[in-house]
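# attaching a predicted model along with its sequence, questions to come.
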Amino acid sequence: MSDDNAVGTPPHETQTAVRQTGTPGDPADPPQREQPVERPRRRGPGFFTLMVLPCLVTLSAVAGFLALTGGLPGDGPSDTDPQQSAGGGVNETYGPWLRKAATCSVVAPSVLAAQIDQLTGWRDDTGELSGEQGIAGFTAAQWRTWGRDDDGNGTSSPRDEADAIMALGRQDCSLARKITDLRTEGTVNGELVDLTLAAYAVGIHEVTAAGRVPAGARAYLAEVKGLLPRYEAFDREPPTGGGPASAILAAPVSTLVVTSPFGSRQHPLTGVTKLHTGVDFGAPQGAEVRAARQGQVVFAAMTKAYGNRVVIDHGTIEGKRLETTYSHLSALGVTAGQAVSAGDVIGRVGSTGLSTGPHLHFEVIYDGYYADPLPWLASSG
């Protein structure tokens, strides 16, 4: 029986080799005497094989595992590292500060968190050349305006995370208040949070000039909004802050038939889903519209979106300014600067501006931010 993989000579046996000189097969050079050559005996595994090689293999495997997993358990950032969180990239201990900083309805805790993520990724590694410091990237000049010692540790610093979060909230809510004023006057149009973030990115003057979110702010806005879902958990607890007094306004039309409530909705003309900043009351064309409370008319003119619009300043309630607005009027009955009393006729129901039919769009603006008008009305049924 033949086997192509024949077994070789056992290691304890010897082999012979023939050494020749000259040209092979030359009769003048007879073969030399054969000399036995003994092959070295094969020994068992040595120290390197038994000890060193397994260690090297083990170390290589461990190195590969660490490269894939990013390190040993507990080898990463500490429990207070802002990159460790249950809520999308920020430590859970920042949650109360995010909620406390969101003092206006326009700027939610998730918006502040997404802004910080976009700015610095929650890392205080901003460069000295830019002059920006801390997780919110404040410059020294900006910090003089917005920075405070909010956590009471004796130091006001942009590198103090709590101070930085609170300062960003103050800055954003200040912008939101200005945007609300501009939108109330019909100067700008769009979602309040979008306009506020745009003002943060490129400045309030750029937004005012464009009348909407300017092109230069769209990339920043898209990045921040793309990060919002990561931080929605921080919005579950409502922001702190006392509510306004209720039932202190008179009905602006004789019958309060709500055709579209306050809150998020899809606009019937533009198809865009956004905050409906007031309540629509169904009423016939030309019906009287009355002032809901005594005050001073601060705006009465035609606007693109709201049509004929009246804004009345009612002074302060519980230390915060209260305004009401009346839009889509067919006719204006007052002028800017005029004093009015509750019940005075200020205009007529119409369908001017972006409107699908005769109705009154009525808004309440309290402390610079839109509020649901129904709790304010003495007769909301």
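Happy to help now that I have it.
# neighbours of residue 102, how many?
Residues contacting residue 102 under the criterion other Cβ atoms under 10 Å number 27. C-beta here means a position set from N, CA and C on the backbone, and glycine is covered the same way.
# buried residues, the helix or strand that contains residue 100. List them.
Using DSSP states H and E, residue 100 falls within helix 95-101. Buried positions in helix 95-101, judged by neighbour count with 16 or more other Cβ atoms under 10 Å: 95, 97, 98, 99, 100, 101.
# can you redo these as a markdown table with pLDDT?
Output for those, formatted as a markdown table (pLDDT from 0 to 100):
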| residue | pLDDT |
| --- | --- |
| 95 | 82 |
| 97 | 87 |
| 98 | 91 |
| 99 | 88 |
| 100 | 87 |
| 101 | 92 |
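# where does the chain dip in pLDDT?
Within the chain, the stretches with pLDDT under 70 are 1-92, 126-130, 237-246, 265-274, 379-381.
# quick revisit: could the buried residues of helix 95-101 be laid out in CSV, adding distance to residue 368?
As requested, the buried residues of helix 95-101 are arranged in CSV below (distance: Cβ to Cβ, whole Å):
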residue, distance to residue 368
95, 25
97, 22
98, 21
99, 19
100, 18
101, 16
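# one step back: the helix holding residue 100 packs against which elements?
On a contact count with 3 or more Cβ pairs under 8 Å, 6 or more residues apart in numbering; DSSP states H and E, helix 95-101 meets helix 109-120, helix 161-184.
# what's the closest of those helices to residue 349?
With respect to residue 349, and counting by Cβ to Cβ, the nearest of these is helix 161-184 at 19.7 Å.
# if you count contacts, what does that closest one end up packed against?
helix 95-101, helix 109-120, helix 140-146, helix 192-202, helix 204-210, strand 359-366, strand 369-371.
# make TSV out of the ones you listed and add distance to residue 331.
Compiled in TSV, these are given as follows (distance: least, Cβ to Cβ, whole Å):
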stretch	distance to residue 331
helix 95-101	44
helix 109-120	40
helix 140-146	44
helix 192-202	29
helix 204-210	28
strand 359-366	13
strand 369-371	25
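# out of these, which comes closest to residue 307?
strand 359-366 (8.8 Å).
# residues contacting residue 330?
285, 286, 308, 347, 348, 349, 350, 351, 352, 358 (Cβ atoms under 8 Å, 6 or more residues apart in numbering).
# what about the helices in the stretch 201-350 of the chain?
Using DSSP state H, counting those that start in this stretch, the helices of the stretch 201-350 of the chain run over residues 204-210, 218-227.
# the shortest one - contacts with which helices or strands?
Using 3+ Cβ pairs under 8 Å, 6+ apart as the contact criterion, the elements in contact with helix 204-210 are helix 161-184, helix 192-202.
# and the angle for the longest one with strand 359-366?
Read it as helix 161-184. With axes from the mean of the first three to the mean of the last three Cα atoms, to 10 degrees applied, the angle from helix 161-184 to strand 359-366 works out at 150 degrees.
# for stretch 138-146, buried residues please.
For stretch 138-146, a neighbour-count test (16+ other Cβ under 10 Å) marks 138, 142, 143, 146 as buried.
# count of neighbours near residue 247?
The number of residues packed near residue 247 is 11, by other Cβ under 10 Å.
# you'd agree it is up against residue 377?
Yes - judged on Cβ atoms under 8 Å, residue 247 makes contact with residue 377 at a distance of 6.7 Å.
# just to revisit the earlier point, need the helices and strands packed on helix 95-101 in JSON lines (columns: mean neighbour count and distance to residue 232).
As requested, these are exported to JSON lines (neighbours: other Cβ atoms under 10 Å; distance: least, Cβ to Cβ, whole Å):
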{"stretch": "helix 109-120", "mean neighbour count": "25", "distance to residue 232": "5"}
{"stretch": "helix 161-184", "mean neighbour count": "23", "distance to residue 232": "17"}
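# now for the ones you listed, which one comes closest to residue 318?
Of all those, it is helix 161-184 that lies closest to residue 318, at 17.2 Å by Cβ to Cβ.
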